[in-house]
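Trainee: this is the structure alone, sequence omitted:
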């Protein structure tokens, strides 16, 4: 049985509502105002948290790529200048922190380098996320765990041996593990949702979740039905916007439908114990065929000896002949 991990004021694990993270990532395109609109959309849909990405461009961009030019909405820029342009700094994150706290929604970030962890600590995030790209960066994983905050570990583009090594580096305490396939967007046949079961069997004390990059909503709903304790999806205001993650993101209208479906699925799963619900009693009395006369008894060989107060026979009296 997996443990329950506390993230902010929410519990994540067995018996708890699915914790839903709206990944804003870099879909704000460097605009705090766009980020606020995405936060508002996540809040309106009922998300528990929004997530950003924090990098130190000079550490995360290989120097061989620094001066490669590309067309951007801000003109033709070198790759390092583009990364600097869309990276939020202290002033922007202070505004996001103020905005999220005022709106009552959790926020945190995936940090891609150690200085970014130090940077984020000033905002006291409820947890950290290790991106799939960082799964083999054990020094970074240990840095995030040393903060004492819960860690979500995403497992895209990784072998089981690499996942085992990352979990060993992180330790099982306060660790959540997300199945993911790192394709943007990811075709359904490569989602491999049964890995949720595999990870659950391999790491039974960790809440297992799903970080989806598919087009559409059904696989994320299926992940919840299969037992995902948390779900993360990229969100956008418009999938046609500029940026590498936009096409694999969910627009706000879709996000509302996704959260509605997930909450319906949670309510529908039940406890696995067969019940006859009080609201079924009327239908049970009305619809089940009951044989009560001697002719029926002669035909079926049944001896019907008991009746209810309302005249209906008990289901155990009509062996083999009841139906709806």
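Mentor: Structure's in. What do you need? Keep in mind that what you see is a predicted model, and the values were worked out from it rather than measured.
Trainee: C-alpha from now on. contacts and neighbour counts both.
Mentor: OK.
Trainee: beta-bridge partners for residue 108, please?
Mentor: residue 51 (DSSP bridges).
Trainee: mind listing what it touches?
Mentor: Contact analysis of residue 108 by CA atoms under 8 Å, 6 or more residues apart in numbering lists 49-52, 125-129.
Trainee: can you select the buried ones from those residues in ChimeraX?
Mentor: To isolate the buried ones among these in ChimeraX, judged by 16 or more other CA atoms under 10 Å, type:
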select :49,50,51,52,125,126,127,128,129
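Trainee: of the contacts of residue 108, closest to residue 95?
Mentor: residue 52 (13.4 Å; CA to CA).
Trainee: so the closest one sits against residue 26, correct?
Mentor: Yes: using CA atoms under 8 Å, residue 52 is in contact with residue 26, at 6.8 Å.
Trainee: where does the prediction get shaky in this structure?
Mentor: 1-2, 292-324 (pLDDT under 70).
Trainee: change it to 50
Mentor: 299-324 (pLDDT under 50).
Trainee: can you tell me the element the spatially most central residue of it falls in?
Mentor: With distances taken as CA atoms, centre = their mean, residue 231 lies nearest the centre of the chain, 0.1 Å away. Element membership for residue 231, per DSSP states H and E: strand 230-236.
Trainee: show the subsequent helix or strand relative to that strand.
Mentor: strand 250-251.
Trainee: run the chain-centre distance for that following strand.
Mentor: Put simply, strand 250-251 sits 14 Å off its chain's centre (CA atoms, centre = their mean, to the nearest Å).
Trainee: check stretch 113-125 too.
Mentor: Distance, stretch centre to chain centre, for stretch 113-125: 23 Å (CA atoms, centre = their mean).
Trainee: got it, and stretch 204-220?
Mentor: The answer for stretch 204-220 is 5 Å, by CA atoms, centre = their mean.
Trainee: buried residues in that stretch?
Mentor: Quick answer for stretch 204-220 (16+ other CA under 10 Å): 205-215, 217, 219-220.
Trainee: I'd like those residues as CSV, with distance to residue 280 and secondary structure appended.
Mentor: As requested, those are exported to CSV (distance: CA to CA, whole Å; DSSP: H, G, I helix; E, B strand; the rest coil):
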residue, distance to residue 280, secondary structure
205, 38, coil
206, 38, coil
207, 35, coil
208, 35, strand
209, 35, strand
210, 35, strand
211, 38, strand
212, 38, strand
213, 40, coil
214, 39, strand
215, 39, coil
217, 32, coil
219, 32, helix
220, 31, helix
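Trainee: farthest-apart pair in these, please.
Mentor: Counting by CA to CA, the most remote pair of these is 205 and 215, 30.7 Å apart.
Trainee: helices of the chain, start to end?
Mentor: Under the criterion DSSP state H, the chain carries helices at the ranges 32-45, 57-60, 79-86, 90-103, 114-121, 138-146, 160-170, 195-202, 218-225, 252-269, 281-287, 294-300.
Trainee: on that earlier part again, between the contacts of residue 108, which sits nearest residue 99?
Mentor: Using CA to CA, those come closest to residue 99 at residue 50, 11.8 Å.
Trainee: quick check: the closest one touching residue 26?
Mentor: No: Residue 50 is beyond contact range of residue 26, at 11.9 Å (criterion: CA under 8 Å).
Trainee: returning to that earlier point: mind checking how far the residue nearest to the centre of the chain is from residue 116?
Mentor: 24 Å (CA to CA, to the nearest Å).
Trainee: would CSV of the helices of the chain with distance to residue 183 be doable?
Mentor: Output for these, formatted as CSV (distance: least, CA to CA, whole Å):
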stretch, distance to residue 183
helix 32-45, 22
helix 57-60, 20
helix 79-86, 21
helix 90-103, 28
helix 114-121, 25
helix 138-146, 22
helix 160-170, 18
helix 195-202, 16
helix 218-225, 14
helix 252-269, 20
helix 281-287, 49
helix 294-300, 62
